[in-house]
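Would you be able to build a 3D model of this:
(one chain, ligands or ions: 1)
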Amino acid sequence: DEDREILEVAQAGPDGITYSPALPVLAIVGRPNVGKSALVNRILGRREAVVEDVPGVTRDRVAYKAEWMGRRFTLVDTGGWEPDARGINASVAAQAEVAVDLADAVLFVVDVNVGATATDEHVVRMLRASRKPVMLVANKADDAIRDPEAAVLWSLGLGEPWPVSALHGRGVADLLDHVMSVLPEVSTVAKQEIGGPRRVAILGRPNVGKSSLLNKSAGEERVVVNELAGTTRDPVDEQIELGGKVWTFVDTAGIRKRVHLQQGADFYASLRTSAALEKAEVAVVVIDVTEPISVQDLRIIDLVLESGRALVMAYNKWDLLDDDRRRYLEREIEQDLAHIAWAPRVNISARTGRHLEKLVPALELALASWDTRIPTGKFNALIAELVGEHPHPVRGGRQPRILFGTQASTRPPTFVLFTTAFLDPGYRRFITRRLREVYGFEGTPIVVNMRVRE
Ligand code: GDP
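Take a look at the predicted model:
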């Protein structure tokens, strides 16, 4: 079945486009040794597991393609983590928390012979707070003699315990039937997994040269007409070959068609920008260098940052730039656009074609950053190093500590720090700055979130 699917994808077309709605995500959490791996193998039918590159799943959390009664879903196993030097509690709970955030439903596995432990209490509180469907799995209930012990777990407040034996299969079918009844058809949390060409939005004020850029770099005759069956495709999007690769430029109708609006033009322009960003992975913000950088330009950049999409800055009409204006422009960029100094920059002329070939490498760089994943071990080593070189200032006689950190997701890279107290905004900026120094992240926003442990 899986082989056939891969074949179909391979035959989908030269650009291998496959639009599939994100599969629902089922996460398995629990302490080490409760039998999570056995349960994973049981659910997968002991087939060779296919490790899938699901957005948001780092190496610490492994995702598998799973299926039950003809329904496909993504199974995320949090079994792989190593007990952290700073205490197993912090690491287990932190990984579980991230996995739960990114799941549509959760299997919380407990060893029926051990019951709930102090570590479990912590996870149980988090699970209750998550408001996600949680199935409490009392594993190692190899025969009915164990069922009364499973019943004791009602006290955890997670609803009915499901006695199962992952090893022998007892109870697993009933459990999975129930899981299917609570799992949505389409994930409400997983980002859309879309293969095929990467999606670009060209944004900017009217008359900065968006359509000129589109036309000049693509050339009308090079527009790729793509009519694959089973792909949801918006007629306003165009497939365009650039730098030997096919790209999807989203909402190009909005660029090509001149829309004159009497009132509320700004409002509609920002709606269109938001809609384009929604569909795009990377935005090219076009600036007209002959005019001062305006509030409108800054608003468009803000929308990109809010959307979490990758960003490339294109300074257009370079052919019209004189030395005076050029000096002034550089000063403006330094002052007004310091917060996006990480965005790759191309100085182009849509009219003459100057440096248009630099657009593709800039897009590729930004997207690579957007997709970057830092393994948890490396990330924590860096955090330890930063804290060593520059500890958080003492606040009210206490020093906030960072217990553990992990990258929760990519697109854009999003980190979670588990701390003993809120970190000063300045300290968070320090961490973000150092992350950029070490890893670059050119072209992508990065997000650092905090979770305070009581
Ligand atoms: P859009 O509204 O952002 O799509 O802007 P257009 O592509 O329609 O361009 C607006 C005007 O600027 C047109 O008159 C273009 O010919 C002109 N223009 C666009 N790019 C350049 C450029 O690189 N150099 C010069 N000199 N003019 C340009």
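
Would you mind listing where the protein has pLDDT under the threshold?
Filtered on pLDDT under 70, the chain yields the residue ranges 1-21, 46-61, 79-93, 190-195, 220-235, 254, 256-268, 454.

Give me every residue in it lying close to the ligand.
Residues of the chain lying close to the ligand by CB under 6 Å from any ligand atom are 204, 206-212, 255, 316-317, 319-320, 349-351. No exception for glycine: its C-beta is placed from N, CA and C like everyone else's.

Mind checking which of these are in strands?
N316 (DSSP state E).

Pull out the buried members of the residues of the chain next to the ligand.
G204, V208, G209, K210, S211, S212, I255, N316, K317, S349, A350 (16 or more other CB atoms under 10 Å).

from those, which two are the most distant?
I255 and S349 (17.7 Å; CB to CB).

residues near the closest residue in space to L423 that isn't next to it in sequence, how many?
Among residues not flanking L423 along the chain, P400 sits closest, at 5.5 Å (CB to CB, 6 or more residues apart in numbering). Using other CB atoms under 10 Å as the criterion, P400 is surrounded by 19 other residues.

picking up where we left off before, out of the buried ones among the residues of the chain next to the ligand, which are inside helices?
K210, S211, S212, I255 (DSSP state H).

and of the residues you listed, the nearest to T74?
I255 (35.6 Å).

In this structure that closest one contacts V208, no?
No - with contact defined as CB atoms under 8 Å, I255 does not reach V208; the gap is 10.7 Å.

Roughly how far does the residue nearest to L423 sit from V208?
For P400, the distance to V208 (CB to CB, to the nearest Å) stands at 44 Å.

swap in I145?
Distance from I145 to V208, by CB to CB: 74 Å.

cool, and G377?
G377 sits 45 Å away from V208 when distances are taken as CB to CB.

now do I28
50 Å.

what about the helices in this structure?
Going by DSSP H, the chain shows helices at 2-10, 36-43, 88-101, 118-130, 147-151, 172-182, 210-218, 252-256, 265-279, 295-307, 323-336, 359-370, 376-389, 425-439.

residues touching the nearest residue to D251 once chain neighbours are set aside, list them.
Excluding the flanking residues, the one nearest D251 by CB to CB, 6+ apart is A276, at 4.0 Å. With contact set as CB atoms under 8 Å, 6 or more residues apart in numbering, A276 has these partners: A201, L203, V250, D251, G254, A283.

tell me which of those is nearest to W68?
V250 (35.3 Å).

pretty sure that closest one is touching R199, no?
Yes - between V250 and R199 there is a contact under CB under 8 Å: 5.4 Å.

Residues in a beta bridge with the nearest residue to T252 once chain neighbours are set aside, which ones?
Sequence neighbours aside, E238 is the residue nearest to T252 in space, at 4.6 Å (criterion: CB to CB, 6+ apart). The bridge-partner assignment for E238, based on DSSP bridges, gives F249.

Quick check: E238 vs L214, distance?
8 Å.

now swap in A269 and tell me
Counting by CB to CB, the gap from A269 to L214 is 17 Å.

Would you check that L214 makes contact with V250?
No - in this structure L214 lies outside contact range of V250 using CB under 8 Å: 11.4 Å.

got the contact list for R325?
Contact partners of R325, counting by CB under 8 Å, 6+ apart, are V289, T290.

please redo it, this time with the cut-off set to 10 Å
Contact analysis of R325 by CB atoms under 10 Å, 6 or more residues apart in numbering lists V289, T290, E291, P292.

Among the residues you listed, which one has the most neighbours?
V289 (25 neighbours).

Need the residues touching each of L214 and V250.
Overlap of the contact sets of L214 and V250 (by CB under 10 Å, 6+ apart) consists of V200, I202, E238.

Closest to the ligand out of those?
I202 (8.1 Å; CB to the nearest ligand atom).

Does the closest one touch S211 like I think?
Yes - the pair I202 / S211 is scored as a contact, 8.5 Å apart, by CB atoms under 10 Å.

coming back round to it: where do the contact lists of I255 and V208 overlap?
Common neighbours of I255 and V208 (CB under 10 Å, 6+ apart) are I202, V286.

Look up the closest residue to L321, ignoring the ones flanking it.
Nearest non-adjacent residue to L321, counting by CB to CB, 6+ apart: V289, 5.4 Å away.
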